[in-house]
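Q: Here is a sequence with its predicted model. Questions after.
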Amino acid sequence: MKEQTRILFLDKRNALIKDEVAGRGTVDHAPMYVREVIHRALDVGASAIVLAHNHPSGNVKPSQADKSLTKQIAEACRVMGIVMHDHVIIGATGEYASFKQLGLI
């Protein structure tokens with residue numbers, strides 16, 4: 001299994017507009033770029049987003065790279081008036097970690 005990142009684009013009522021793959025990668029990395037996330041959110045008219053990606057290793061603890069990227073995307077969303085509800089990491093057997101629940105956003 002390889003890592004994959006997804007973005008859920010939501011309208012102002014938090015109804016799903018689109019669920020898109022943002023990147024596919026290797027066993028331990030999938031690219032996601034701040035500029036592309038914001039561009040796509042604006043393009044589809046999203047008022048809010050939820051980020052999600054899997055960790056094929058099963059370890060759902062956010063890496064330093066996960067934390068850094070999430071912080072950058074959250075700040076860009078704030079500037080652009082887009083709500084970032086959460087970033088969820090999903091493990092191999094269904095366990096997950098929520099950045100919001102962990103107090104990271």
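A: Nice, thanks for sending it over.

Q: any idea which helix or strand comes after the helix or strand harbouring I73?
A: Per DSSP states H and E: I73 is located in helix 64-80. Going down the chain from helix 64-80, the next helix or strand is strand 83-91, by DSSP H and E.

Q: Distance check, L104 against C77.
A: 14 Å (C-beta to C-beta, to the nearest Å). The way it works is simple: take the backbone N, C-alpha and C, and place the C-beta from them, glycine included.

Q: Neighbour count for these two, which is higher?
A: Between L104 and C77, C77 has the larger neighbour count (other C-beta atoms under 10 Å), namely 22 against 16.

Q: Now the spatially most central residue of the chain: which helix or strand?
A: Among the residues of the chain, L51 comes closest to the average C-alpha position under C-alpha atoms, centre = their mean, at 1.9 Å. When elements are assigned from DSSP H and E, L51 belongs to strand 48-55.

Q: what packs against that strand?
A: On a contact count with 3 or more C-beta pairs under 8 Å, 6 or more residues apart in numbering; DSSP states H and E, strand 48-55 meets strand 4-10, helix 34-44, helix 64-80, strand 83-91.

Q: try it again with 7 Å
A: strand 4-10, helix 64-80, strand 83-91 (3 or more C-beta pairs under 7 Å, 6 or more residues apart in numbering; DSSP states H and E).

Q: List the neighbouring strands of that strand plus their orientation.
A: Strand pairing for strand 48-55, determined by DSSP bridges: strand 4-10 (antiparallel), strand 83-91 (parallel).

Q: Extract the C-alpha trace of it and format it as CSV.
A: Below are the C-alpha coordinates for strand 48-55, written out as CSV (Å, rounded to 0.1, in the frame of the first residue of the first chain):
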residue,chain,number,x,y,z
ALA,A,48,-14.0,24.8,4.2
ILE,A,49,-11.7,21.8,3.8
VAL,A,50,-10.7,18.6,5.6
LEU,A,51,-7.4,17.0,4.8
ALA,A,52,-6.8,13.3,5.1
HIS,A,53,-3.9,10.9,4.3
ASN,A,54,-3.0,7.4,5.2
HIS,A,55,0.0,5.9,6.9
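
Q: Lovely, talk soon.
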